[in-house]
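> model this:
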Amino acid sequence: MPNPKTVGSVAINLPADLLRDVERVRRKTGESRSALIRRSIELLLGRVEEERMVREYVAGYRTHPEGRVEVGGAMALAKSCLEGRAGSLSRRRSPRSIGR
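So this is what the prediction gives:
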């Protein structure tokens, strides 16, 4: 529970069907109404921030797209990683060969 000295209070009106949904979920989770609404707002604000960051990331790539050097480096790294993994998998002993 947040520190009461650092908490503000907000009165809101909800449509009856939304309030029924809140009560249903609240009973199911065992949360207070305030805790459920607080968690819902935190999730929404997190999603809004994530969407903002994705838009910013996409805009950055649109204004500064990867060039041949970056793409070539990424491809070489991916190939190296995949070859290394494939090599380690092929060197594993089968369960039948263990103990022989």
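
> now the helices for the protein?
16-29, 33-63, 68-90 (DSSP state H).

> looking at these, which has the lowest confidence?
Ranked by mean pLDDT, the helices of the chain end with helix 68-90 at the bottom, a mean of 80.

> now that helix: how far from the chain's centre is it?
Computed by CA atoms, centre = their mean, to the nearest Å, the chain-centroid distance of helix 68-90 equals 26 Å.

> then it to PDB, C-alphas only?
Extracted in PDB, the C-alpha atoms of helix 68-90 (Å, rounded to 0.1, in the frame of the first residue of the first chain):
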ATOM      1  CA  ARG A  68      25.300  -1.500 -46.000                       C
ATOM      2  CA  VAL A  69      28.000  -1.600 -43.300                       C
ATOM      3  CA  GLU A  70      25.500  -2.000 -40.500                       C
ATOM      4  CA  VAL A  71      23.400  -4.600 -42.400                       C
ATOM      5  CA  GLY A  72      26.600  -6.500 -43.300                       C
ATOM      6  CA  GLY A  73      27.800  -6.500 -39.700                       C
ATOM      7  CA  ALA A  74      24.500  -7.700 -38.400                       C
ATOM      8  CA  MET A  75      24.400 -10.500 -41.000                       C
ATOM      9  CA  ALA A  76      28.000 -11.600 -40.200                       C
ATOM     10  CA  LEU A  77      27.200 -11.600 -36.500                       C
ATOM     11  CA  ALA A  78      24.000 -13.600 -37.100                       C
ATOM     12  CA  LYS A  79      25.800 -16.100 -39.300                       C
ATOM     13  CA  SER A  80      28.600 -16.500 -36.700                       C
ATOM     14  CA  CYS A  81      26.100 -17.100 -33.900                       C
ATOM     15  CA  LEU A  82      24.100 -19.600 -35.900                       C
ATOM     16  CA  GLU A  83      27.200 -21.500 -37.000                       C
ATOM     17  CA  GLY A  84      28.600 -21.600 -33.500                       C
ATOM     18  CA  ARG A  85      25.300 -22.900 -32.100                       C
ATOM     19  CA  ALA A  86      25.000 -25.500 -34.900                       C
ATOM     20  CA  GLY A  87      28.500 -26.600 -34.200                       C
ATOM     21  CA  SER A  88      27.900 -27.000 -30.500                       C
ATOM     22  CA  LEU A  89      24.700 -28.900 -31.200                       C
ATOM     23  CA  SER A  90      26.400 -31.300 -33.600                       C
END
